[in-house]
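Engineer: Any chance you could fold what I've pasted below:
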Amino acid sequence: MIDALLLSIEIGIDPVILDKWGIEVTWHGLFTALGVIIGVAVATAFARRAGYQEDTIYNVALCLVIGGIVGARLLYVIENFSDFDDDPVDIIRVNTGGISIYGALIGGTIGAWLYAILSKVPNIPRGADIAVMGAILGMAVGRIGDVINGEHFASDSTLPWAVRYTDPASPSFLREQQGLLVQPQHPAVAYEMIGDLVIFGILLLIFLRAKRSGVTFFAFVFLYGLLRTPVSFLRLDDIVFMGLRTAQLIGIASMKSGGCCARKPRSRRRRKSPRRESDVVHEGGVRAVRGGRGDTDQSAEIDPVRGRVRIYR
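Structural biologist: Model (predicted):
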């Protein structure tokens, strides 16, 4: 199946797992589905710990997945519209491959954001932090199918981990037979898969340590742009502007916006009666505050989801 050679890695796996009764299942479709399931499961686990309600979690996840699928296919079709001239019906055949990761991220973000706004989901920035934790891990899983299929073409390479697709049904093999691709080639999607796992580890540290909601989300926007921009130089996608590809243009914009927003400090409100740390006594999940105006003791109950503090006298 996969043979490690001295100068390259040979992948001879048929991209199609099952093709019976009018149903075609590919490695790309299988790992995309697994990536969605794992991503939603990871995000759900984080959301429960943050105190979000079960219905809210699954409704947001549903809107995110639907928006992601539509956005992923839409951007891919826009980038490769000439490929669908012969059979426009292929536009809706997502299971056979052909999606854009950036399209999935943009579409999923819009879908989840619209639901959150309309349904008045509390603390949307924190929800965005949670969503990207699942998204980046799901993306790494989905890339496994891309590595097997060989549908993303890259520049030729003599490195020992370069890949050569030998199955007659592989898109890379067919492209090579047409004289449009030289093998072995860089495993560009494998580079991205490894990068996704590294980003997940970095985001986990930020998520656990950052005090401001939204920092993890914008760190993801920056880091994925930082990963995708150089990797795209190895891929043979169409050049659209100034020698750059669509993913690189989006990646550069993402790095700028994500970096600026992640560093932007939250505006602080002036407190009328500042208190010393010694004036706060922690009692389980409730903080009792002594002193202040008069000698009345106060208790403050902290809402972990909304990030608000309720004062009781």
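
Engineer: Do a quick rundown of the helices in the protein.
Structural biologist: 27-50, 54-79, 101-118, 124-149, 171-177, 188-209, 215-231, 246-263 (DSSP state H).

Engineer: out of everything not next to it in sequence, what's closest to Gly12?
Structural biologist: Once flanking residues are discounted, Gly12 sits nearest to Thr166: 4.3 Å by Cβ to Cβ, 6 or more residues apart in numbering. C-beta coordinates here come from the backbone N, C-alpha and C atoms, glycine included.

Engineer: should've said Ile202
Structural biologist: Nearest residue to Ile202 in three dimensions, chain neighbours excluded: Leu223, at 6.4 Å (Cβ to Cβ, 6+ apart).

Engineer: show me the contacts for that neighbour.
Structural biologist: Under the criterion of Cβ atoms under 8 Å, 6 or more residues apart in numbering, the neighbours of Leu223 are 199, 202-203, 258.

Engineer: can these go into a markdown table with extra columns for distance to Gly214 and neighbour count?
Structural biologist: Shown next, in a markdown table, are the contacts of Leu223 (distance: Cβ to Cβ, whole Å; neighbours: other Cβ atoms under 10 Å):
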| residue | distance to Gly214 | neighbour count |
| --- | --- | --- |
| Ile199 | 17 | 23 |
| Ile202 | 16 | 14 |
| Leu203 | 13 | 24 |
| Gly258 | 11 | 20 |
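
Engineer: Would you check which pair of those residues lies furthest apart?
Structural biologist: Pairwise distances across those (Cβ to Cβ) peak at 12.9 Å, for the pair Ile202 and Gly258.

Engineer: shared neighbours, those two?
Structural biologist: Common neighbours of Ile202 and Gly258, counting by Cβ under 8 Å, 6+ apart, are 219, 223.

Engineer: and of the helices of the chain, who's closest to Ile11?
Structural biologist: So among these, helix 124-149 is nearest, using Cβ to Cβ, at 6.8 Å.

Engineer: elements contacting the closest one?
Structural biologist: helix 27-50, helix 54-79, helix 101-118, helix 188-209, helix 215-231 (3 or more Cβ pairs under 8 Å, 6 or more residues apart in numbering; DSSP states H and E).

Engineer: 7 Å instead, please
Structural biologist: When contacts are defined as 3 or more Cβ pairs under 7 Å, 6 or more residues apart in numbering; DSSP states H and E, helix 124-149 sits against helix 27-50, helix 101-118, helix 188-209, helix 215-231.

Engineer: buried sites along the shortest one?
Structural biologist: Going by neighbour count (16 or more other Cβ atoms under 10 Å), the buried part of helix 215-231 is 215-229, 231.

Engineer: and what of stretch 20-29?
Structural biologist: Neighbour counts over stretch 20-29 (16+ other Cβ under 10 Å) mark 26-29 as buried.

Engineer: Next, the distance between the ends of that stretch.
Structural biologist: Length of stretch 20-29, first residue to last, Cα to Cα, to the nearest Å: 15 Å.

Engineer: With stretch 13-25 instead?
Structural biologist: End-to-end distance for stretch 13-25: 14 Å, by Cα to Cα.

Engineer: From here on, call the first residue 51.
Structural biologist: Sure, I'll start counting at 51 from here, so that last one is stretch 63-75.

Engineer: Give me the distance from it to the chain's centre.
Structural biologist: Stretch 63-75 sits 27 Å away from the centroid of its parent chain (Cα atoms, centre = their mean, to the nearest Å).

Engineer: Please apply the same query to stretch 104-121.
Structural biologist: Centre-to-centre, stretch 104-121 and its host chain are 13 Å apart (Cα atoms, centre = their mean).

Engineer: in it, what's buried?
Structural biologist: So, applying 16+ other Cβ under 10 Å, buried residues of stretch 104-121: 106-107, 109-111, 113-115, 117-121.

Engineer: what pLDDT, on average, does it get?
Structural biologist: The pLDDT scores in stretch 104-121 average 88.

Engineer: can you list contacts of it?
Structural biologist: 86, 90, 93-94, 97, 144, 153-154, 156-158, 160-162, 165-166, 171, 177, 181 (Cβ atoms under 7 Å, 6 or more residues apart in numbering).

Engineer: Now do the contacts for Pro221.
Structural biologist: Counting by Cβ under 7 Å, 6+ apart, Pro221 touches 199-201.

Engineer: Quick check: the gap between it and Ile167.
Structural biologist: Separation of Pro221 from Ile167 (Cβ to Cβ, to the nearest Å): 40 Å.

Engineer: Check the separation of the first and last residues in stretch 277-290.
Structural biologist: Terminal residues of stretch 277-290 are spaced 19 Å apart (Cα to Cα).
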